[in-house]
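Novice: Sequence first, then the predicted structure:
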Amino acid sequence: MALEFTDGNFNETVIENDKLSVIDFWAPWCGPCKMVGPIIDELAKEYDGKVSIGKVNVDDNPEISQKYGVRNIPTILLIKNGEVVDKKVGAVPKHLLTKMIQDKM
């Protein structure tokens, strides 16, 4: 399962982490988010121990969403060494996310 990133744990689990982090900004009411969610969970299993993969519920964690300018969901951010290294907005197929991860590892 994907990790749950929150306003409270984001610095520790993403920004201060030396691994690549993949963050899915989503909300329970978002239709396209429901399509991306299972893909994020699959990737979390596949890259367990190599990449930190998780989700941010934008309704519950407005600080992170605002900090990164997330206005549309789903938004996928790849963060490495505290910097955004890639970003996709909208429902993204698994093969594209896999390529994004491989390119940034």
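Specialist: The structure has been received and is ready for your questions.
Novice: in which helix or strand would I find the most centrally placed residue in the chain?
Specialist: Geometric centre of the chain, nearest residue: Ile23, 1.1 Å, by CA atoms, centre = their mean. Element membership for Ile23 (DSSP states H and E) is strand 21-26.
Novice: what are the pairing partners of that strand, and which direction each?
Specialist: strand 52-57 (parallel), strand 75-80 (antiparallel) (DSSP bridges).
Novice: which residues sit against stretch 16-33?
Specialist: Contacts with stretch 16-33, where a contact means CB atoms under 8 Å, 6 or more residues apart in numbering, come from 2, 5, 13-14, 36-37, 40, 43, 50-59, 64-65, 68, 70, 73-82, 85, 90-91, 97, 100-101, 104-105. No exception for glycine: its C-beta is placed from N, CA and C like everyone else's.
Novice: if we go to 6 Å?
Specialist: 5, 14, 40, 51-53, 55-56, 58-59, 70, 73-80, 91, 104-105 (CB atoms under 6 Å, 6 or more residues apart in numbering).
Novice: same question, stretch 63-82
Specialist: Residues contacting stretch 63-82 (CB under 6 Å, 6+ apart): 7, 10, 14-15, 20-27, 30, 32-33, 36, 56, 58, 84-89, 104.
Novice: which among those end up buried?
Specialist: Among the contacts of stretch 63-82, those classed as buried by 16 or more other CB atoms under 10 Å are 10, 14, 20-26, 30, 33, 36, 56, 58, 86.
Novice: quick one: the helices in the protein?
Specialist: 10, 31-46, 62-67, 94-104 (DSSP state H).
Novice: which of those helices sits most buried?
Specialist: helix 10 (a mean of 21; mean count of other CB atoms under 10 Å).
Novice: where does this structure dip in pLDDT?
Specialist: The chain contains no residues with pLDDT under 70.
Novice: What are the phi and psi values at the most far-flung residue of it relative to its centre?
Specialist: For the chain, the largest distance from the centre (CA atoms, centre = their mean) belongs to Trp29, which lies 17.5 Å off. Main-chain dihedrals, Trp29, degrees, to the nearest 10: phi -90, psi 0.
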